[in-house]
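> Prediction below, plus the sequence it came from.
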Number of protein chains: 2
Amino acid sequence: EIAEAMRPLAERLLTGTRVLLTAGPTRELLDPVRYLGNRSSGRMGYALASALGHLGAQVVLVSGPTALPVPKVAESIQVETALEMRAAVMEQVASCDLFVATAAVADYRPAEPAARKIKKDAEELTLRLVRNPDILAEVAALTPPPFTVGFAAETDEVERHALAKRTAKGLDMIAANRVGGERGGFERDENALTVFWDGGRRDLPMMPKTRLARELAALIAERYLERHVAST
Amino acid sequence: EIAEAMRPLAERLLTGTRVLLTAGPTRELLDPVRYLGNRSSGRMGYALASALGHLGAQVVLVSGPTALPVPKVAESIQVETALEMRAAVMEQVASCDLFVATAAVADYRPAEPAARKIKKDAEELTLRLVRNPDILAEVAALTPPPFTVGFAAETDEVERHALAKRTAKGLDMIAANRVGGERGGFERDENALTVFWDGGRRDLPMMPKTRLARELAALIAERYLERHVAST
């Protein structure tokens, strides 16, 4: 407690700020045992939750299923599906100043999940999927919106896709990374990001996710405080 | 080493026996980041691999992605998809006496996995799935087959489905459990099984998976040795 209190003021930039952060994958159920998932490990999100906490923020973590221990945050809410994540976010967002969406939310879910295990009689199966709600866009469209930070995991044309996503959804910042390549991204211990905001960008080169999270948290705090000062 | 050597003979029933055991889920890739998965944690399979090892068996473990530490076995092969699991099994099976299939192999995989991340432009998406090979049935149909043990995870009519599966695939034994209920099965620490073989059955009531694995390993050893003696 004393050590915390004696930290330089510069390190506690987000004291009094409430951050809602989503992390991990979602699972969209086909039947009681099968699901559509994705390779998000939750590592980057959990590290960022910790890093924002170290800057003094009160972090509310909404997380899909991961194999990680829950980081020390003000509140932790575990969910499974995109619809559950959306419900938790919408319940929490009004009391938060910042929204950081690191979760890899499934874009689609099965249209008609089966109550019983699907039998494998057929040689082929057609699965009808419907779009999930876009939680990040919904939050950014709130009046007033929190300061919103999104992530873009892309396999190609990373910058073009990230810039388009930031504009289309009306985000304050977006952190983009390449996935599916040989280094970085999902299920790795290190990653590189390029962060874009209105009129600016910064490259955070390949480094361990814990250090990357600290650098990104500092950058988010810097941009958030500049905006906050400008609007008051 | 000395402690091992001094164990009662009854506890080392499977010395000199080579066991091929599959465990965990498989993941069937839709694109570089998305997959079809299932709720198998691998816990029961890993516990059974350890229990069979304690009976003296040389265990070759072929495992899909789990969050568990790899148990102490003679050989461990990590795979992701059903096709990778099949390739590993077919490479190892000729040198094994027993085949124990605890893995929850995906019955279907996407017909045309995408090399790039699928964009979420469409409101609906139709996913065409094709049947995966039935590794267990293929192994049981080999000449000569190993002593084969299958698992059946069912949400309803557990006994009927399990008996039908044992007969249809020509298995020596099948261990059946109910999933999707309130207790036991996937992602739980305890489970109950009913084991069926030609002319017999045994109920293993709800207990921790590690103890259940020891009881099942002993039962497998008993049935295998009876068959082995009968055929020599």
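Cool, got the structure. Residues are numbered from 1 along each chain as shown, chains lettered A, B, ... in the order given.
> Tell me which residue lies nearest the centroid of chain A.
Centroid-nearest residue in chain A: residue A:102, 1.3 Å away (criterion: Cα atoms, centre = their mean).
> which residues touch that one?
Contact analysis of residue A:102 by Cβ atoms under 8 Å, 6 or more residues apart in numbering or on different chains lists A:21, A:22, A:23, A:44, A:45, A:48, A:151. The C-beta positions use only the backbone N, C-alpha and C, and glycine is treated the same way.
> State the distance from it to residue B:149.
Going from residue A:102 to residue B:149 by Cβ to Cβ, to the nearest Å gives 42 Å.
> next one: residue A:59
Distance, residue A:59 to residue B:149, using Cβ to Cβ: 47 Å.
> Same question for residue A:216.
Note on residue A:216: its distance to residue B:149, by Cβ to Cβ, is 49 Å.
> which ones are touching residue A:124?
If you count contacts by Cβ under 8 Å, 6+ apart, then residue A:124 has B:111, B:128, B:129, B:130, B:131 around it.
> Tell me the confidence at it?
For residue A:124, the pLDDT comes out at 90.
> Can you tell me who it pairs with across the strands?
Beta-bridge pairing for residue A:124 (DSSP bridges): residue B:130.
> quick one: residue A:229 is in a strand?
No: going by DSSP: H, G, I helix; E, B strand; the rest coil, the assignment for residue A:229 is helix, not a strand.
> what about it, neighbour count?
Neighbourhood size, residue A:229 [other Cβ atoms under 10 Å in any protein chain shown]: 8.
> got it, and residue A:115?
9.
> didn't it look like it was pressed against residue A:29?
No: counting by Cβ atoms under 8 Å, residue A:115 does not reach residue A:29; the two are 10.2 Å apart.
> Tell me the helix or strand right after the worst-scoring helix or strand of chain A on mean pLDDT.
Every helix and strand of chain A was ranked by mean pLDDT, DSSP states H and E. The lowest is helix A:2-6, at a mean of 53. For helix A:2-6, the succeeding helix or strand toward the C-terminus, using DSSP states H and E, is strand A:18-23.
> Which other helices and strands does that following strand contact?
Packing partners of strand A:18-23 (3 or more Cβ pairs under 8 Å, 6 or more residues apart in numbering or on different chains; DSSP states H and E): helix A:43-54, strand A:58-63, helix A:82-92, strand A:98-101.
> Please report phi then psi for the residue of chain A most remote from its centre.
Outermost residue of chain A with respect to the C-alpha centroid, by Cα atoms, centre = their mean, is residue A:121; its distance is 38.8 Å. Note on residue A:121: backbone dihedrals following degrees, to the nearest 10 are phi -80, psi -40.
> For it, give me the pLDDT.
75.
> tell me the contacts of it?
Taking Cβ under 8 Å, 6+ apart as the definition of contact, residue A:121 has no neighbours.
> so how far is residue A:28 from it?
23 Å.
> any low-confidence regions in chain A?
In the predicted model of chain A, residues A:1-10, A:118-119, A:179-187, A:231-232 satisfy pLDDT under 70.
> tally of neighbours for residue A:152?
Neighbour tally, residue A:152, other Cβ under 10 Å: 22.
> gap between it and residue A:136?
Distance from residue A:152 to residue A:136, counting by Cβ to Cβ: 10 Å.
> which residues do the two both contact?
With Cβ under 8 Å, 6+ apart, residue A:152 and residue A:136 have no common neighbours.
> what's around residue A:92, how many residues?
17.
> who in chain A is up against chain B?
Applying Cβ under 8 Å from any Cβ of the partner chain, one finds that chain A approaches chain B through A:27, A:30-40, A:67, A:104, A:106-108, A:111, A:116-118, A:120, A:122-131, A:153-156, A:179-180, A:186.
> Tell me which of the residues you listed fall in strands.
Under the assignment DSSP state E, those contribute A:34-38, A:108, A:124-131, A:153-154 to strands.
> Would you mind writing the PyMOL command to select the buried ones in the residues you listed?
Selection of the buried residues among these in PyMOL, burial being defined by 16 or more other Cβ atoms under 10 Å in any protein chain shown:
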select buried, chain A and resi 34+35+36+37+38+108+125+127+129+131+153+154
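> Let me have the helices and strands packed on strand A:18-23 in a markdown table, extended by distance to residue A:71.
Listed next are the helices and strands packed on strand A:18-23 as a markdown table, based on distance: least, Cβ to Cβ, whole Å:
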| stretch | distance to residue A:71 |
| --- | --- |
| helix A:43-54 | 5 |
| strand A:58-63 | 7 |
| helix A:82-92 | 17 |
| strand A:98-101 | 13 |
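> With respect to residue B:90, which of these lies nearest?
Residue B:90 lies closest, by Cβ to Cβ, to one member of those: helix A:43-54, at 34.5 Å.
> Can you verify my assumption that residue A:120 contacts residue B:131?
Yes: judged on Cβ under 8 Å, residue A:120 makes contact with residue B:131 at a distance of 6.6 Å.
> which residues are common contacts for those two?
What both residue A:120 and residue B:131 touch, as defined by Cβ under 8 Å, 6+ apart, is the set B:107, B:108.
> List the buried residues in the strand or helix carrying residue A:222.
Using DSSP H and E, residue A:222 sits in helix A:209-230. Buried positions in helix A:209-230, judged by neighbour count with 16+ other Cβ under 10 Å: A:209-210, A:212-221, A:223-224.
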